[in-house]
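Enquirer: Structure here, sequence nowhere to be found:
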């Protein structure tokens, strides 16, 4: 261990939290390094001097004042208090409800949509029929009667 | 068997006021010690300690025992203290700009009265002087270093707890502590030298 590495171990060596291996390494180093030995002694000195720092004690009215401030805190209403422990459940329920509405929406609208589609098809058929009715070439053909049978295939040949 | 901090906090969460009283009894003094050393003004330290407990109380519903209670508590206390110290410094700067020549550092320090030099009084004065010197050396540390030293020295918190309370890595904390103790070593050299002599 060199002096730089020693710095990293100095705090845990001083506060007594160094592992056995770290402690042994520090002690081996300070045996041969007077500067680090002096520094370790001074760190120990600072560590024990800090015990003499004055400490502030709580005033006798501390608890009473805190209780007053807590009593002045706004209370949650009963329904909110009931809801509060279950915010995730409430959120999940809301999401499920939204999802259900979203999934159900196309099913509800489907009959209208089907009706609209059927009407469009019917409209197209009517337009096609009107166009065919106006087609001159067709008007020259004899209107087939119900008891006429189609011409035999050989006549066509 | 004493209930752990986490058990007590879960009790507070469930609406048990006695659990809050037990936490208050357990941490009132350590928090005031910490905050009293973080900020110079005792009244401010008490106000901050009150604020820490209020925040714990307000946060009870969302409390999850994911971190050690002490870490959480000291994190709140540290943040409040750091903000208070910065505000205090800002106000002092404003005052010194507005009233140059007033509010000089160290002006409020009490001079030692040595008119009656009987041995008991001299000892008490020396002791008071030493304590004041140590207190001043702590207060002169940069705020984050000060908080680190206080949690490390007086509250015996683990490195990972202190690092979590300060929001830094463990290696950054060790370097912070090293710099802080180096500063204290220089500041307290007269006391440390005295003590080292037989």
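Expert: The structure has been received and is ready for your questions. The structure presented is a predicted model; accordingly, all values stated were derived computationally and were not measured.
Enquirer: Tell me which stretches of chain B form helices.
Expert: B:5-13, B:17-38, B:42-58, B:69-98, B:119-140, B:143-153, B:159-166, B:170-187, B:189-196 (DSSP state H).
Enquirer: For the third one, list every residue counted as buried.
Expert: Going by neighbour count (16 or more other C-beta atoms under 10 Å in any protein chain shown), the buried part of helix B:42-58 is B:44-57. (Glycine included, C-beta is placed from N, CA and C.)
Enquirer: okay if I get the residues you listed as a markdown table plus pLDDT and distance to chain A?
Expert: As requested, the buried residues of helix B:42-58 are exported to a markdown table (pLDDT from 0 to 100; distance: C-beta to the nearest C-beta, whole Å):
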| residue | pLDDT | distance to chain A |
| --- | --- | --- |
| B:44 | 95 | 10 |
| B:45 | 96 | 6 |
| B:46 | 96 | 6 |
| B:47 | 96 | 9 |
| B:48 | 97 | 11 |
| B:49 | 97 | 7 |
| B:50 | 97 | 5 |
| B:51 | 97 | 9 |
| B:52 | 97 | 10 |
| B:53 | 97 | 6 |
| B:54 | 96 | 6 |
| B:55 | 96 | 11 |
| B:56 | 95 | 10 |
| B:57 | 94 | 6 |
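Enquirer: got the residues of chain A near chain B?
Expert: Within chain A, the positions near chain B by C-beta under 8 Å from any C-beta of the partner chain are A:7-8, A:10-12, A:14-15, A:17, A:39, A:41-43, A:45-50, A:52-59, A:62-63, A:65-66, A:69-70, A:73, A:84-85.
Enquirer: what about burial for those, which qualify?
Expert: A:7, A:10-12, A:14-15, A:39, A:42-43, A:45-47, A:49-50, A:53, A:56, A:58, A:62-63, A:66, A:70.
Enquirer: What residues does residue B:14 make contact with?
Expert: Under the criterion of C-beta atoms under 8 Å, 6 or more residues apart in numbering or on different chains, the contact list for residue B:14 is empty.
Enquirer: Just to be sure, which of the buried ones among the residues of chain A next to chain B are found in helices?
Expert: A:7, A:10-12, A:14, A:39, A:42-43, A:45-47, A:49, A:62-63, A:66, A:70.
Enquirer: Out of those residues, which two sit at the greatest distance?
Expert: A:39 and A:70 (48.6 Å; C-beta to C-beta).
Enquirer: thinking again about what came up before, now for the helices of chain B, which one comes closest to residue A:35?
Expert: Of the helices of chain B, nearest to residue A:35 by C-beta to C-beta is helix B:170-187, at 13.1 Å.
Enquirer: so what's residue B:141 closest to, chain neighbours aside?
Expert: residue B:180 (5.5 Å; C-beta to C-beta, 6 or more residues apart in numbering or on different chains).
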